[in-house]
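Chemist: Let me see the structure of the following:
(chains A, B, C and D)
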Number of protein chains: 2
Amino acid sequence: MRIGELAERSGTSRDTIRFYEKNGLITSTPGNNATNNYRDYPEDNLVRLDFFTKARDAGMSIADLKDIIDAMAGRCDRSVAESVLRAKVDDLKERAEQIRRVIAFLEQGLDAARSGDT
Amino acid sequence: MRIGELAERSGTSRDTIRFYEKNGLITSTPGNNATNNYRDYPEDNLVRLDFFTKARDAGMSIADLKDIIDAMAGRCDRSVAESVLRAKVDDLKERAEQIRRVIAFLEQGLDAARSGDT
DNA sequence: TCAAACTGTGGACTAAGGTCAATTGTTTTC
DNA sequence: GAAAACAATTGACCTTAGTCCACAGTTTGA
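Modeler: Okay, here's the model as predicted:
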């Protein structure tokens, strides 16, 4: 599909898609029409973009995503790829832990406010 | 205490402390010496900075922190403050949920890699 | 067939969250 | 009492993650 359709269907803007592509997060092929240089974006980019959106929301950086893509594309050997992914998972777990701590702190503040309320 | 000591003890750089102060996240008083304009940073800024560090790590923005500080300082009425805090907690919970989803996805990738390994 | 909509390219711009450096004045410390 | 360390202020600079704009060429719907 062309970039417009991908943008439409993924909910990611053209500019952002191009930005991701420039950063090696997604790939496209030259397209079958020789008269233009419109590129073709394979269907699987939909899944990818969906993942990127979720992962960015989870606080991961473009660099993180690049590492993951490279690891999953088998651009390096299996054990290295595995440790890359494991490291990302660990980072996420740590972040989740941190969030839990902050939630606890804020809820404590809420409780204090309520009990001081009476 | 003066900014240098606060920086030292909190592990936050002077520049960052000043940046936070400019953004209304921490407060200082004029200091008791009339000949200089060195400011005094009360002890409780240590707790505050520690919280900021954790909260930033958890993905909260400076604007989020400002909202929380304002709410907790009673700069608005109790019920408003409460709903501000509750909203922040909800945001964090949503983020934690998102992280869980991303972890699940990555772990699935790891499992797939391992089973394809044999 | 012709205007509207789409495409690629390139570069400028933005906002957030700091960080760095220069300058001037004030303490500390040897 | 002089050098080293610290403080305030200002403004420039940096990175990340996009977003916007202008240009020229291409497709497409009426």
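Chemist: residue contacts, the residue most central in space within chain A?
Modeler: The C-alpha lying nearest the average C-alpha coordinate of chain A belongs to residue A:52 (CA atoms, centre = their mean; 2.3 Å). Taking CB atoms under 8 Å, 6 or more residues apart in numbering or on different chains, we find residue A:52 in contact with A:12, A:20, A:25, A:65. From N, CA and C alone the C-beta is placed, and that goes for glycine too.
Chemist: Surely the second one is in contact with residue A:14?
Modeler: What it means is residue A:20. No. Shown here, residue A:20 and residue A:14 do not form a contact pair, counting by CB atoms under 8 Å, at 10.7 Å.
Chemist: Tell me if residue A:93 really is in a strand.
Modeler: No. Looking at residue A:93 with DSSP: H, G, I helix; E, B strand; the rest coil, it is helix, so not inside a strand.
Chemist: The closest residue to DNA strand C within chain A and residue A:39, how far apart?
Modeler: Taking CB to the nearest atom of the strand, DNA strand C has its nearest neighbour within chain A at residue A:4, 2.5 Å off. Using CB to CB, to the nearest Å, one gets 11 Å for the distance from residue A:4 to residue A:39.
Chemist: do the helix or strand residue A:9 falls within and DNA strand D meet?
Modeler: Assigned by DSSP states H and E, residue A:9 falls within helix A:3-10. No. Figure legend: helix A:3-10 not in contact with DNA strand D (CB under 7 Å from any atom of the strand); closest approach 9.9 Å.
Chemist: Which positions in that helix come out as buried?
Modeler: A:3, A:6, A:7, A:10 (16 or more other CB atoms under 10 Å in any protein chain shown).
Chemist: Might you report the residue contacts of residue A:57?
Modeler: For residue A:57, the contact set (CB under 8 Å, 6+ apart) comprises B:95, B:98.
Chemist: Could you pull up the contacting residues of the nearest residue to the residue of chain A closest to DNA strand C once chain neighbours are set aside?
Modeler: Nearest residue to residue A:4 in three dimensions, chain neighbours excluded: residue A:14, at 6.8 Å (CB to CB, 6 or more residues apart in numbering or on different chains). Going by CB under 8 Å, 6+ apart, residue A:14 touches A:3, A:4, A:7.
Chemist: would a markdown table of these with pLDDT be doable?
Modeler: Shown next, in a markdown table, are these (pLDDT from 0 to 100):
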| residue | pLDDT |
| --- | --- |
| A:3 | 98 |
| A:4 | 97 |
| A:7 | 98 |
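Chemist: Tell me the one of the residues you listed nearest residue A:98?
Modeler: Residue A:98 lies nearest to residue A:7 out of the contacts of residue A:14, by CB to CB, at 33.6 Å.
Chemist: The closest one contacts residue A:17, doesn't it?
Modeler: Yes. If you go by CB under 8 Å, residue A:7 and residue A:17 touch, sitting 6.0 Å apart.
Chemist: Out of the helices and strands in chain A, which is least certain?
Modeler: Ranked by mean pLDDT, DSSP states H and E, the weakest helix or strand in chain A is helix A:78-115, scoring a mean of 92.
Chemist: What count of nearby residues applies to residue A:11?
Modeler: Residues lying near residue A:11 (other CB atoms under 10 Å in any protein chain shown) number 11.
Chemist: and what of residue A:17?
Modeler: 22.
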